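**Q** Next input, structure requested:
(2 chains)
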Amino acid sequence: MTDFTMEKGADGVAVITWDVPGKSMNVMSMEAWPLLEQLIDDALADEAVKGIVLTSGKEGSFAGGMDLNVIAKMKDMAGDDPAKGLFEGLMGMHAILRKIERAGMDERNKGGKPIAAALPGTALGIGLEIPLACHRIFAADNPKAKIGLPEIMVGIFPGAGGTTRLVRKMGAMAAAPLLLEGKLNEPKKAKSAGVIDEVVPAEELLERAKAWVLEATDKDIVKPWDEKGYKMPGGEPYHPAGFMTFVGASAMVNGKTQGAFPAAKALLSAVYEGALVPFDTALKIEARWFTHVLMDPSSGAMIRSLFINKEALEKGANRPDVADQKVTKLGVMGAGMMGAGIALVSAQAGIEVVLIDQEQAAADRGKAYAADYMDMGIKRGKATEDKKTALLERITATTDYSALKGCDLVIEAVFEDPGIKAEVTRKVLEVVGDDCIFATNTSTLPISELARASDRPEQFIGIHFFSPVEKMYLVEIIKGAKTGERAVAKALDYVRQIRKTPIVVNDARFFYANRCIIPYINEGIRMVAEGVAPALIDNAARQLGFPVGPLQLVDETSIDLGAKIARATKAAMGDAYPDAAVDEVIFWMESEGRLGRKANAGFFDYDDKGKRQGYWPGLAAQYPLAEEQPDLTTVQHRLMFAQVLEAVRALEDGVLEDIREGDVGAILGWGFAPWSGGPFSWLDIIGTPYAAERCDALEAAHGPRFACPALLREMADKNQSFYKRFDSGAKAA
Amino acid sequence: MIDAYIYDTVRTPRGKGRKDGALHEVTSVRLSALVLNALKDRNGLEGHAVEDVIWGNVTQVKEQGGCLARTAVLASDLDEAIPGLAINRFCASGMEAVNLAANQVRGGAGEAYIAGGVEMMGRVAMGSDGAAIAVDPSVAMDSYFVPQGISADIIATEYGFTRDQADALAVESQNRAAAAWADGRFARSILEVKDQNGLTILDRDEYMRPGTDMQALGALKPSFKEMGEGMPGFDAVAKLKYPHLERIEHIHHAGNSSGIVDGAAGVLVGSKAFGEKWGLKPRARIRQTTKIGTDPTIMLTGPVPATEKALRDSGMTIGDIDLFEVNEAFASVVLRFMQAFDVDPDVVNVNGGSIAMGHPLGATGAIIIGTLLDELERSDREVGLATLCIASGMGAATIIERV
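**A** Next comes the predicted model:
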């Protein structure tokens, strides 16, 4: 173990360098803690050492944080009594950091050795919590560096003293955006915010830190909270000013998280309870709440889906073993909203793009979309004129198919009509080389059917983007019956190039995401027809952690699209079609011209500027509110099971081959309750036996769409969890 | 069982709870002692005449801290053998003091009590004693804490009360209070506040705004809209608990909510034997006392279940009650009460209420029991019910009948 090494200089400064072998950025492991402690002990005991500088051997960064793989497994590794094991482990960590902070001082705060942190750049999570325990934080003037505590983003909070120290250093109000939103700052902003102490030229970093260490007095190295009469900036919770802050904090966090994220609540409790007691007691309280969060299955599920599995999928966990398929020249057929978005993100990734439409004006409009996007970036200081020029140079907008020559991937995003798509496919194949992969961005048409237009069906694949392309992180790759491995690899390599997250599914109606979203929306609409208060339907979804409720969602995606899909589905399914109750509402809305936001009229009213007002009163006139309203849990279970059972069926049907893709895809694709880790994680959290029980009750009350799928029933009988049965990613088959 | 009777009720006029309020110069202790002395003197009590002084007070810090009840006894002319118990059930503290006293008497634990309360809201600011329910995330988030004004607006939204209805109730409160003063209806209970030299400091409720009309109220801005819709956004919290509500209608403002005032009140409660011993005539029997907990977010609907329970426990129906005092904490509280029981507004708060005269938190419960009894006697009616909504989701009620 050489994660930390120490060099004692002749000047009396011991430099501890953090440099984890084989990693481009330092991450903290459980094994590295004792080593760090040992070095600190050594330096504090050595009379020749006057002070310590803690720095990193990595260029441009101090540390990326705790290894999330470790955090995800901490509970399982904590022994028979995991809460006890976790708590004691955390207290051990606090003891090491506290040892750094006290640095050998006596009770009168005398005789300690100055310890400075010297950050070459990025310092995240534990990578900032360790510096916060030091006496002064120097950072290199590196505007690309990010400094902050992003733990909340993956369902935990800073649990190595970062919460307690930051609040005591800055006050609760100032620390709130850093802790509750995980806001990151570049070094200069971090300094002005009060997170770090000094920003210095990169080449002077170590020298400046050393100089400070040699000059620092007893007074300089005492933390304010270790001095008598310490008062928390902004006031503690029962100080008049602090009172208002804390009242507001609970309300704001409650409203913003809709009560659905346990980590935010635990964080706030740690801050409040900690603010009322001395520092060491506050650390103990922080450890208790952090243990509580780690014990909550939500944190493990969030880390697993949003970090570990998302990254695994991005790195090609399900990529066939074929040679590199990176795209060099991309053809995009159709310069509508989707085509323009695809062209934009591809050009951003440095790919040469040919954007084709029937009319030159349409093609130009598609390219202008990229120009407008870059202009907005320039306005916000996130892009430059040069970058814009370079990006636009990579996009050729034309009507001329011959420009497609040399494309190794073509994505069509033309009108959702099999005839038109077939014609475009044939015309493209006449021009491009034999090994070009052809992809369709269809969201509704079967891939295997569309592939018939190609004489190379093994090179035909679905690459389904979500709208707006530049904002949505998920890309659904769909294998037709004859799609070959190279096409899959091509799609995956392309998605990796444009820095999105792929899932690979098989070809069936609506693939995976839309297959689950449609029943979610339909369940909401069904409840409208039953006389459930529209606000209850949407609020119930929001309280589950969905960004928008089903009625608001359908307004965004448009009612006529819903009606069109319903008609097509009905035509395809015939008598088996189960959604007549939904169609009644949808078709009526359509006939009333309530087409959604685009028409400034849908389930909601909108003002002239398109701002959403209240629910349309006409809705209540047509579907009067029922005297008896269902309770919140019933509404939530209906909305939840409508989607989750569809995910289980997709797994049963083999559309989904990997539950990781089902979970990651759901969160990124349609904002499925992120706190749960996704549909399969959610079923694991509530337990398959309870889930099956709820299915039976929902089926009895609301119909066969809630019938328990055979797979879930079998798992319930055996009390199995998805992530045990499918061994974290093993294929379902 | 021994019956508990009301022998006397006393209240001070209510002063504006501000630096320029008439009672601002008077300490909580002195105002309390004035009430205690009045009850002693008016009823000729001597020595260890009552078992205890139970004194309601909400903000028990600074001069109102340190068991104000005992301090007030020592500052009064009462015998030092009479101890003193400070209690806090928020806005119903004064009522709870009377109810506790009544139940002690009924249970045989002493023959008589002085019960009541005080609140000098201009001297000891409301909320200055802290409250974990508002700031401790473990409670505040799980119980969906919102300030009372938001709760009052939730009631209005949930039960469909409009700004106009609330304002009309406020205008009526002002008109009735003005008429009651003009007619001398508070005379029996009102205790002039005098200084140590016998000079009058306040002899009349100071907060009232006679002549208030719909137009004047219509000009007032809703008080809780900003904290609800803006920062920190309490409406979002309210909707977590009431997800069927699309938005919260903010109808309350300074003119249709209770006033912040200084004041104190006391009630002499005793058994029949107590009256016989001191030669006093009982004025009313305390028939039923009730307290109950309700949803803390909507918070202020307690008078409805409290009244239901009081009626149920006493074997009465709403029709058996001749007069009601429903504390006007906010207009929607009273509107909800009248809606729930379908009672005639003409028998509710007939002499105005806290919107017109103010709501000295710890005293109001005792004040409205006195006001109710005075009016039962004046209008020669028999049975009255007083009730209050209470912070954190509680309700209390007392049923009295003349003897």
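**Q** Report pLDDT for residue A:732.
**A** Looking at residue A:732, its pLDDT is 42.
**Q** what about the strands in the stretch 51-200 of chain A?
**A** Using DSSP state E, counting those that start in this stretch, the strands of the stretch 51-200 of chain A run over residues A:51-56, A:61-63, A:65-66, A:115-119, A:122-124, A:136-140, A:147-148, A:198-200.
**Q** Select, out of those strands, the one closest to residue B:269.
**A** Closest to residue B:269 of those is strand A:147-148 (C-beta to C-beta; 62.5 Å). C-beta: built from backbone N, CA, C; applies to glycine.
**Q** what does the average pLDDT come to for that closest one?
**A** With pLDDT averaged residue by residue, strand A:147-148 scores 98.
**Q** Residue 105: what's it in contact with?
**A** I'll assume chain A. With C-beta atoms under 8 Å, 6 or more residues apart in numbering or on different chains as the criterion, the residues that contact residue A:105 are A:111, A:112, A:218, A:221, A:222, A:226.
**Q** wrong chain, I was asking about chain B
**A** Contact partners of residue B:105, counting by C-beta under 8 Å, 6+ apart, are B:2, B:4, B:111, B:112, B:113, B:269, B:270, B:271, B:274.
**Q** Show me the two of those that sit farthest apart.
**A** The most widely separated members of the contacts of residue B:105, counting by C-beta to C-beta, are B:2 and B:113 (12.9 Å).
**Q** I'd like to know how many residues surround whichever residue of the stretch 101-250 of chain B sits closest to chain A.
**A** For the stretch 101-250 of chain B, the residue closest to chain A is residue B:236, as judged by C-beta to the nearest C-beta, at 3.0 Å. Residues contacting residue B:236 under the criterion other C-beta atoms under 10 Å in any protein chain shown number 22.
**Q** Quickly, which of the strands of the stretch 51-200 of chain A bottoms out on average pLDDT?
**A** Within those, the least confident segment by mean pLDDT turns out to be strand A:65-66, at a mean of 93.
**Q** Not counting that one itself, show me its contacts.
**A** The set of residues external to strand A:65-66 that reach it, using C-beta under 8 Å, 6+ apart, is A:27, A:28, A:124, A:125, A:126, A:127, A:150, A:151, A:160.
**Q** Point me to the residue of chain A nearest chain B.
**A** residue A:255 (3.0 Å).
**Q** Get me the contact residues on the stretch 451-600 of chain A for chain B.
**A** Taking C-beta under 8 Å from any C-beta of the partner chain, the part of the stretch 451-600 of chain A that reaches chain B is made up of A:533, A:534, A:535, A:536, A:539, A:540, A:543.
**Q** Contacts only, for the third one.
**A** Residue A:535 is in contact with A:615, B:239, B:243, B:244, B:245, B:246, counting by C-beta under 8 Å, 6+ apart.
**Q** Can you name every helix or strand that the lowest-mean-pLDDT helix or strand in chain A contacts?
**A** For chain A, counting by mean pLDDT, DSSP states H and E, helix A:68-77 ranks last in confidence among helices and strands (a mean of 85). With contacts defined as 3 or more C-beta pairs under 8 Å, 6 or more residues apart in numbering or on different chains; DSSP states H and E, the secondary structure elements packing on helix A:68-77 are helix A:82-102, helix A:279-295, helix A:297-303.
**Q** Break down the stretch 201-350 of chain B into its strands, ranges please.
**A** Taking DSSP E, counting those that start in this stretch as the criterion, the stretch 201-350 of chain B carries its strands at B:261-270, B:284-293, B:323-326.
**Q** Can you tell me which of the ones you listed is packed in deepest?
**A** Each of those was given a mean neighbour count from mean count of other C-beta atoms under 10 Å in any protein chain shown, and the largest, a mean of 33, is that of strand B:261-270.
**Q** what's the angle from that strand to strand B:284-293?
**A** What separates the directions of strand B:261-270 and strand B:284-293 is an angle of 120 degrees, with axes from the mean of the first three to the mean of the last three C-alpha atoms, to 10 degrees.
**Q** quick check, distance from strand B:261-270 to the centre of its chain.
**A** Put simply, strand B:261-270 sits 10 Å off its chain's centre (C-alpha atoms, centre = their mean, to the nearest Å).
**Q** Same question for stretch A:583-593.
**A** Here stretch A:583-593 is found 35 Å from its chain centre; the criterion is C-alpha atoms, centre = their mean.
**Q** Could I get the CA-only coordinates of it as CSV?
**A** The C-alpha coordinates for stretch A:583-593 follow below in CSV (Å, rounded to 0.1, in the frame of the first residue of the first chain):
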residue,chain,number,x,y,z
ASP,A,583,-58.7,6.6,-25.1
GLU,A,584,-62.0,8.1,-24.1
VAL,A,585,-60.3,10.9,-22.3
ILE,A,586,-57.5,11.3,-24.9
PHE,A,587,-59.8,11.3,-27.9
TRP,A,588,-62.1,13.8,-26.2
MET,A,589,-59.2,16.1,-25.3
GLU,A,590,-58.0,15.8,-28.9
SER,A,591,-61.5,16.7,-30.3
GLU,A,592,-61.5,19.7,-27.9
GLY,A,593,-58.2,20.9,-29.3
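**Q** Would you mark the buried spots in it?
**A** By 16 or more other C-beta atoms under 10 Å in any protein chain shown, the buried positions in stretch A:583-593 come out as A:583, A:585, A:586, A:588, A:589, A:590.
**Q** which bits of the stretch 101-250 of chain B sit near chain A?
**A** B:127-128, B:130, B:134-138, B:140-141, B:144-146, B:231-237, B:239-240, B:243-247.
**Q** related to what we said a few turns ago, considering the contacts of residue A:105, which possesses the most neighbours?
**A** Comparing those on neighbour count, residue A:221 comes out first with 24 neighbours (neighbours: other C-beta under 10 Å).
**Q** tell me which element the nearest residue to residue A:455 once chain neighbours are set aside falls in.
**A** The shortest distance from residue A:455 to any residue other than its chain neighbours is 7.0 Å, reached at residue A:429 (C-beta to C-beta, 6 or more residues apart in numbering or on different chains). Secondary structure from DSSP states H and E places residue A:429 in helix A:418-431.
**Q** now residue B:169
**A** Applying DSSP H and E, one finds residue B:169 within helix B:163-182.
**Q** do residue B:113 as well
**A** In this assignment (DSSP H and E), residue B:113 forms part of strand B:112-120.
**Q** Could you export that strand as PDB, CA atoms only?
**A** Taking only C-alpha atoms (Å, rounded to 0.1, in the frame of the first residue of the first chain), the coordinates of strand B:112-120 have been written out as PDB:
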ATOM      1  CA  ALA B 112     -61.100  25.800  44.600                       C
ATOM      2  CA  TYR B 113     -58.500  27.200  42.100                       C
ATOM      3  CA  ILE B 114     -57.700  30.400  40.400                       C
ATOM      4  CA  ALA B 115     -57.100  29.600  36.700                       C
ATOM      5  CA  GLY B 116     -56.300  31.800  33.800                       C
ATOM      6  CA  GLY B 117     -53.300  33.200  32.000                       C
ATOM      7  CA  VAL B 118     -51.400  36.100  30.600                       C
ATOM      8  CA  GLU B 119     -49.500  37.000  27.500                       C
ATOM      9  CA  MET B 120     -47.600  40.200  27.000                       C
END
